[in-house]
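Visitor: Structure, please.
(2 chains)
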Protein chains: 2
Amino acid sequence: MPSEKVMKQALQAYIDAFNRSDAEAVIALYADDATVEDPVGKDVLVGKERIAAFYRMAIGTGAKLALAAPIRASHGNSAAMAFDVQLNMPQGKALIRVIDVMTFDDEGRFSSMRAFWGPSDMEML
Amino acid sequence: MPSEKVMKQALQAYIDAFNRSDAEAVIALYADDATVEDPVGKDVLVGKERIAAFYRMAIGTGAKLALAAPIRASHGNSAAMAFDVQLNMPQGKALIRVIDVMTFDDEGRFSSMRAFWGPSDMEML
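Guide: Now for the predicted structure:
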């Protein structure tokens, strides 16, 4: 099981890579057989190919992430963080308030990501 | 499935009841067969009797909760929130940074709670 320090560094690396539009560095944080559920309650993406397509698209929109509070670890193989997504939409700038929960494999890669946000967490700026 | 509004109101009710030391109101938010994993990675409490004992103890310590960011919902039956726990310990005041994820049953009660925090999320004030 990865240490709390390793897990928190991976979540910070995710934010940093996303914000420098480095999709490949984000994708490299995931295990090959990882899953992504973003948003929670919709389809689960299974495997690195689908996850890679998701991040190339998301980062291509110019979205940026800002932590809303310090990253949390756990007593297990999970960590979580609250952040805001700043979006550029055809209608203007928007914001989505999100909490991500990641689980880790023994090598410190994400085995799953779940993004908690609903329509009520989105607002036009 | 409960609405986003119902789920967010339940999480806010949890914070408010906890902070007025109303353990019975916190317990009433849970379904009879609910589970609590606090912290994630340790034992899972199953059923309302064990959950009730947990909250009577926790609230009895005088701990208080403060949201660190707005409550998040989801597109499913889950909601999440980042908050800080203010603790009174024999050694002095302390703080734990936590993210709670709740799932809901169809009646809008918590069917599960998972609290993400590790030793590195705790500090003496």
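Visitor: Surely A:Pro70 is in contact with B:Ile96?
Guide: No - checked against C-beta atoms under 8 Å, the pair A:Pro70 and B:Ile96 is beyond contact range at 11.2 Å. (Glycine included, C-beta is placed from N, CA and C.)
Visitor: higher neighbour count, these two?
Guide: B:Ile96 (20 against 14; other C-beta atoms under 10 Å in any protein chain shown).
Visitor: For the more buried one, which residues are in contact?
Guide: B:Asp84, B:Val85, B:Leu87, B:Trp117, B:Asp121, B:Met122 (C-beta atoms under 8 Å, 6 or more residues apart in numbering or on different chains).
Visitor: Before we go further, it is sitting in a strand, right?
Guide: Yes - the assignment for B:Ile96 is a strand, going by DSSP: H, G, I helix; E, B strand; the rest coil.
Visitor: Who is it paired with across the strands?
Guide: Assessed by DSSP bridges, B:Ile96 has beta-bridge partners B:Val85, B:Met122.
Visitor: what sits up against the one helix or strand A:Ala53 maps to?
Guide: Using DSSP states H and E, A:Ala53 sits within helix A:48-60. Helix A:48-60 is contacted by residues A:18, A:21-23, A:26-27, A:30-34, A:36, A:38, A:45 when judged by C-beta under 8 Å, 6+ apart.
Visitor: One more pass at 10 Å, please.
Guide: Contacts with helix A:48-60, where a contact means C-beta atoms under 10 Å, 6 or more residues apart in numbering or on different chains, come from A:14, A:17-36, A:38, A:43-45, A:85, A:87, A:110, A:113.
Visitor: Disregarding residues adjacent in the polypeptide, which is nearest to A:Lys64?
Guide: A:Gln86 (4.7 Å; C-beta to C-beta, 6 or more residues apart in numbering or on different chains).
Visitor: quick one on the thing from earlier: so of the contacts of helix A:48-60, which ones are in strands?
Guide: Mapping these onto strands (DSSP state E) picks out A:30-36, A:44-45, A:85, A:87, A:110, A:113.
Visitor: could you dump those residues to CSV with pLDDT?
Guide: Below are the ones in strands among the contacts of helix A:48-60 laid out as CSV (pLDDT from 0 to 100):
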residue, pLDDT
A:Tyr30, 98
A:Ala31, 98
A:Asp32, 98
A:Asp33, 98
A:Ala34, 98
A:Thr35, 98
A:Val36, 98
A:Val44, 98
A:Leu45, 98
A:Val85, 98
A:Leu87, 93
A:Phe110, 98
A:Met113, 98
